[in-house]
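Trainee: Attaching a predicted model along with its sequence, questions to come.
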Amino acid sequence: MIDIKFLRENPEIVKQNIRNKFQDAKLPLVDEVMELDKENRDIKQEVEALRASRNKLSKQIGALMGKGQKEEAEKVKAQVAADADRINELSEREKEVEERIRKIMMTIPNIIDPSVPIGRDDSENVEVKRYGEPVIPDFEIPYHTEIMERFQGIDLDSARKVAGNGFYYLMGDIARLHSAVISYARDFMIDRGFTYCVPPFMIRSDVVTGVMSFAEMDAMMYKIEGEDLYLIGTSEHSMIGKFIDTVNKEENLPYTLTSYSPCFRKEKGAHGIEERGVYRIHQFEKQEMIVVCRPQESPMWFDRLWQNTVDLFRSMDIPVRTLECCSGDLADLKVKSVDVEAWSPRQKKYFEVGSCSNLGDAQARRLKIRVAGQDGKKYFAHTLNNTVAAPPRMLIAFLENNLNEDGSVRIPEALRPYMGGKTLIQ
């Protein structure tokens, strides 16, 4: 959500940004909001003038009554009443105009960073760098559910009976591996100076609309029937919501938090063959990281956040690469985003396992997350988020990259303390 003042002064920049995101249908909204903004400012000006006039006339009434000029006083009273009616009329219109402005401003996409490559969708994302050497073993890598089934580690059939498609039971060593990855990711981030947090797993609608676009909300969120509550799609929503309507001391920034939570997603749309099993599901667990910081520090934190994910995966001997997301692949609130993709020896290509985003002051503006500067002035903070690790998608990369020819799975040294000292799953 951009500043209305910025739009008012730079309408062509806002329009070009919309074109860069290939959302031309939103171009008329810029002109509409400018007209509404002018009307809103005219209303406020007229209301202010009417109130000043009413105060002045009210004093005249007392003076006229004191002089016994009742007829003249009644005329002034009539004018005061007419002005009051007009103020009420304008106030009602002001509410309508401001609500429409708010809805439009929440629909117009945020201004993307100049470094973002221009492209229509994720097929035009740009590879930045590879970390680790991708390996293609000389034996066949089975599909991830087949690997799990060899260890009696997954039960999809029972999950379908209990909850439907998009759910699973993890069992035995595979379930333990899942928990080990989460625990390791938690400690990895704590060691990097982040404060550990377990947030609420449900959030109110004002938090939902504060952290994401309407399109994302419709595609992702499950609403609790009869309650003003939604199940979180990622803990970042709850974590950023923690700072709603706050004024934070500049010297206390940045806030660096890492959080654990289950995540719940509708995952609307058709799924490809590579999204069977546990790749795209309605429920999963994740370790997340978020930062609330001063605007000038957000580019630095952006680079540190995605690097954390790269380092985590490399510590488990999983090759990864980073991709710069193009303009058309950025959600409306994002200024800049980098995806981290892990190598799949079975598919002989990379697939997404995490996404790092800088949202500028978009979420802070919606949620009123402000900072009190040392000069006494208040400004909006910048917010960032990134995936540390999200099993079970993380497990796909782990199992494929650590599978041995005899069917056993090697446990990297970093993960062994969380697996009871095991070096292999057999």
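Mentor: Great, that's in hand. Residues are numbered from 1 along each chain as shown.

Trainee: Would you check how far apart residue 151 and residue 280 are?
Mentor: 22 Å (C-beta to C-beta, to the nearest Å). The way it works is simple: take the backbone N, C-alpha and C, and place the C-beta from them, glycine included.

Trainee: part of a strand, is residue 266?
Mentor: No. Looking at residue 266 with DSSP: H, G, I helix; E, B strand; the rest coil, it is coil, so not inside a strand.

Trainee: Near it, how many residues? Count them for me, please.
Mentor: Neighbour count of residue 266, defined by other C-beta atoms under 10 Å: 14.

Trainee: My read is that it contacts residue 222, right?
Mentor: Yes. In this structure, residue 266 is within contact of residue 222 by C-beta atoms under 8 Å, at 6.5 Å.

Trainee: Any regions of the chain where pLDDT drops low?
Mentor: 268-276 (pLDDT under 70).

Trainee: Going along the chain, name the helices of this structure.
Mentor: Assigned by DSSP state H, the helices in the chain fall at 4-9, 11-20, 27-66, 70-105, 144-150, 156-163, 172-191, 205-211, 214-220, 235-241, 298-315, 362-367, 393-402.

Trainee: okay, those in JSON lines with mean neighbour count and distance to residue 415 next?
Mentor: Below are the helices of the chain laid out as JSON lines (neighbours: other C-beta atoms under 10 Å; distance: least, C-beta to C-beta, whole Å):
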{"stretch": "helix 4-9", "mean neighbour count": "14", "distance to residue 415": "47"}
{"stretch": "helix 11-20", "mean neighbour count": "16", "distance to residue 415": "42"}
{"stretch": "helix 27-66", "mean neighbour count": "14", "distance to residue 415": "49"}
{"stretch": "helix 70-105", "mean neighbour count": "14", "distance to residue 415": "46"}
{"stretch": "helix 144-150", "mean neighbour count": "20", "distance to residue 415": "17"}
{"stretch": "helix 156-163", "mean neighbour count": "13", "distance to residue 415": "25"}
{"stretch": "helix 172-191", "mean neighbour count": "19", "distance to residue 415": "6"}
{"stretch": "helix 205-211", "mean neighbour count": "20", "distance to residue 415": "32"}
{"stretch": "helix 214-220", "mean neighbour count": "15", "distance to residue 415": "30"}
{"stretch": "helix 235-241", "mean neighbour count": "26", "distance to residue 415": "22"}
{"stretch": "helix 298-315", "mean neighbour count": "19", "distance to residue 415": "9"}
{"stretch": "helix 362-367", "mean neighbour count": "25", "distance to residue 415": "33"}
{"stretch": "helix 393-402", "mean neighbour count": "24", "distance to residue 415": "9"}
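
Trainee: Relative to residue 327, which of the ones you listed is closest?
Mentor: Among these, the nearest to residue 327 by C-beta to C-beta is helix 11-20 (4.7 Å).

Trainee: possible to save the helices of the chain as TSV with distance to residue 122?
Mentor: Converted to TSV, those look like this (distance: least, C-beta to C-beta, whole Å):
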stretch	distance to residue 122
helix 4-9	28
helix 11-20	16
helix 27-66	23
helix 70-105	26
helix 144-150	22
helix 156-163	27
helix 172-191	25
helix 205-211	22
helix 214-220	15
helix 235-241	20
helix 298-315	16
helix 362-367	21
helix 393-402	16
